[in-house]
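Participant: Here is a sequence together with a model predicted from it:
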Amino acid sequence: MPFASFMSLCCNCPLSGLIVKQDAKDGFSDKVTVVFVLGGPGSGKGTQCPLIIKQFGFTHLSAGDLLQAEIESGSENGLYKKEGKIVPSEVTVKVLQQAMQGSTNNKFLIDGFPRNEENRTAFENIMKVEPDFVLFFDCSQEELTRRILNRNQGRVDNIQAIPKRFRVYFESTLPVIDYYSSKGKVQKIDAERSVEEVFETVKSIFLNFSGGSGEGN
């Protein structure tokens, strides 16, 4: 059974077809490009994001990494995660918003977000921005399992955690993919191929949107 895996980039030249207007009062420049990167655990998001950043000059944002930084800084925003509580979507979006407002770039690759419909609606309501498109790294459940086990040397604790990770993905994240698919925003990628083959497809997607200019070379 194909396991839809999912999937958060930039430079000086705007990507045609990707521009979203954002009010200056929210602290952004007048043009912001947002790309969500979604895929199941082991789908290759973490491998492909650095390649995209290098090629196209996006700023990479990971909600998980940003929340971890909030914990380490002692920020109030990090208390939820530090205490093992579910982080409210509004807090996660606030952390992303601060990172975007603090950047000199206006093109953002947001990795592993939104994880669920609540994340999605909070982002759109608070930021007043929708993604220009969503990179969806599609991979079978069997291949994802194999990659996770290889990555973690088959440790028992990781084996036991796999079903829960997949359940969360299927129940929470796939509806986000379905929503953006209905709006024609999802770029689905066969992620079962080699890193090089996958990136060739990724590059063609970005080049189509950017009018053929691969920035950041």
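Facilitator: Received it, and whenever you're ready, just let me know what you need. Computed from a predicted structure; not experimentally measured. Numbers count the residues shown, from 1 in each chain.

Participant: which is the next helix or strand following the longest strand anywhere in the chain?
Facilitator: For the chain, the longest strand by residue count, based on DSSP state E, is strand 31-39. Proceeding N to C from strand 31-39, the next assigned helix or strand is helix 45-56, under DSSP states H and E.

Participant: Can you show me the helices along the protein?
Facilitator: Counting by DSSP state H, the chain has helices at residues 45-56, 63-73, 79-82, 89-101, 117-127, 141-151, 156-168, 174-182, 195-210.

Participant: still on that earlier bit, which of the residues in the longest strand of the chain are buried?
Facilitator: Residues of strand 31-39 classed as buried by neighbour count (16 or more other CB atoms under 10 Å): Val32, Thr33, Val34, Val35, Phe36, Val37, Leu38, Gly39. For the C-beta atoms, the positions are set from N, CA and C on the backbone; glycine is no exception.

Participant: What is it packed up against?
Facilitator: Identification of packing neighbours for strand 31-39 by 3 or more CB pairs under 8 Å, 6 or more residues apart in numbering; DSSP states H and E yields strand 20-21, helix 45-56, strand 107-111, strand 133-138, helix 174-182.

Participant: Make CSV from these and add mean neighbour count, mean pLDDT and distance to Gln160 to it.
Facilitator: Compiled in CSV, the helices and strands packed on strand 31-39 are given as follows (neighbours: other CB atoms under 10 Å; pLDDT from 0 to 100; distance: least, CB to CB, whole Å):
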stretch, mean neighbour count, mean pLDDT, distance to Gln160
strand 20-21, 13, 34, 41
helix 45-56, 18, 95, 22
strand 107-111, 26, 96, 26
strand 133-138, 25, 97, 24
helix 174-182, 17, 96, 22
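
Participant: need these in TSV with distance to Ala191, can you?
Facilitator: Formatted as TSV, the helices and strands packed on strand 31-39 follow (distance: least, CB to CB, whole Å):
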stretch	distance to Ala191
strand 20-21	26
helix 45-56	8
strand 107-111	14
strand 133-138	4
helix 174-182	13
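
Participant: who wins for proximity to Ile189 among the ones you listed?
Facilitator: Each of the helices and strands packed on strand 31-39 was scored for nearness to Ile189 using CB to CB, and the closest is strand 133-138 (5.4 Å).

Participant: which helices and strands sit right next to that closest one?
Facilitator: By 3+ CB pairs under 8 Å, 6+ apart, strand 133-138 packs against strand 31-39, helix 45-56, helix 174-182, strand 186-190, helix 195-210.

Participant: among those, which is nearest Arg147?
Facilitator: helix 45-56 (10.3 Å).

Participant: which strand residues sit across from the residue nearest to Asn105 when sequence neighbours are not counted in the sheet?
Facilitator: Of all residues not flanking Asn105 in the chain, Thr59 sits nearest, at 4.3 Å (CB to CB, 6 or more residues apart in numbering). Beta bridges link Thr59 to Phe108, judged by DSSP bridges.

Participant: What count of nearby residues applies to Thr59?
Facilitator: 18 (other CB atoms under 10 Å).

Participant: I'd say it and Phe108 touch.
Facilitator: Yes - using CB atoms under 8 Å, Thr59 is in contact with Phe108, at 5.2 Å.

Participant: Let me know whether Phe206 touches Lys54 as I believe.
Facilitator: No - Phe206 sits out of contact with Lys54 when judged by CB under 8 Å, with a separation of 11.8 Å.
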